[in-house]
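# Would you be able to build a 3D model of this:
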Amino acid sequence: MTTTPDTEKKTIYGRPVDQNVPNLYNGTPVVQWTPPEAGIDNLGLHSWDTFQIPGVGEFNVEFDGYVRVVRSPATNTEWADAEVYTNLIEMKMVAESEELGPITTTLNPECLSAGQIRTPFDPYAGEGPAAKACRMAVGCLFDIPRLGKVLFNREPVILTIDDVRSIPPAGAPGKGQIYRMLPLYDTKDPWGEPVGYLTSLRFNMGGYLAPEQIA
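So this is what the prediction gives:
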């Protein structure tokens with residue numbers, strides 16, 4: 001397993017993070033308003049995606065799975081001023097669609113999916129601890145055997161979570177920031193026309209998983 005920042009990808013969506021940090025699983029405490037030490041969070045994930053396949057139709061698909069996210073050390077020990085950089089190092093989401101059959105979503109190995117957790121610039125924030133915002137730019141592969149295609153996105157899927165009160169934001173709802181439609185291409189014809197679109201994405205971050213649940 002790679003333990004150094006991954007800078008060999010063809011596409012790098014953000015700052016690489018050193019992976020030589022502890023793996024964190026079920027039983028790891030999550031403390032509000034407190035910047036944690038660096039680590040790899042092994043978390044459950046549930047999502048609801050909508051795909052538009054030209055000539056085939058629109059499909060709402062529910063996924064379940066996990067993600068592994070490596071976090072940098074916080075830039076400050078005080079919550080309000082702390083900033084944390086993240087890399088998504090593994091993802092596996094599976095779904096069973098009545099129309100499309102089984103679908104498996106994983107990371108695009110050619111992309112470094114990266115993000116940041118920090119306090120937003122908000123001059124109107126009230127007194128007391130300020131909630132943070134989390135974002136992650138992600139390159140995905142959508143394997144849909146019934147279509148005989150593996151789809152991928154050139155523009156990143158931007159996963160966002162607002163009102164972050166702990167790191168990781170376990171249990172928090174989030175949204176994929178998509179402007180109307182995100183083009184998806186066929187890995188067998190990467191420079192051809194889009195063969196599908198991702199038009200909506202919502203998700204819920206789960207809690208820490210046990211090691212045996214990360215298959």
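# Look at residue 54 and say how many residues are nearby.
Using other CB atoms under 10 Å, residue 54 is surrounded by 10 other residues. To be clear about C-beta, it is placed using only N, CA and C from the backbone, and glycine gets the same treatment.
# Next: the one 3 residues further on.
Other residues within reach of residue 57 by the criterion other CB under 10 Å amount to 10.
# ok, for it, nearest residue in space, not its chain neighbours?
For residue 57, ignoring the flanking residues on the chain, the nearest one in space by CB to CB, 6 or more residues apart in numbering is residue 99 at 6.9 Å.
# what's the answer for residue 102, then?
Per CB to CB, 6+ apart, closest to residue 102 is residue 96, 5.6 Å.
# tell me the secondary structure for the one you found?
The assignment at residue 96 comes out as strand when based on DSSP: H, G, I helix; E, B strand; the rest coil.
# Per-residue pLDDT of it, please?
With respect to pLDDT, residue 96 has a value of 96.
# can you check the one 10 residues further on too?
At residue 106 the predicted local confidence, pLDDT, stands at 98.
# Correct me if wrong: it contacts residue 150.
No: applying CB atoms under 8 Å, one finds residue 106 not in contact with residue 150, separated by 9.5 Å.
# Common neighbours of those two, please.
Counting by CB atoms under 8 Å, 6 or more residues apart in numbering, the shared contacts of residue 106 and residue 150 are 141, 143.
# any weak-confidence spans in the chain?
For the chain, the stretches flagged by pLDDT under 70 are 1-7, 123-128.
# what's the spacing between the residue nearest to residue 102 and residue 202?
18 Å (CB to CB, to the nearest Å).
# for residue 95, same thing?
Using CB to CB, residue 95 is found at 14 Å from residue 202.
# Please apply the same query to residue 112.
From residue 112 to residue 202 the distance is 24 Å (CB to CB).
# Helix or strand for residue 43, just tell me which one.
Following DSSP states H and E, one finds residue 43 within strand 39-53.
# If you count neighbours, what's buried in that strand?
Neighbour-count burial for strand 39-53 flags 39-47, 49-53 (criterion: 16 or more other CB atoms under 10 Å).
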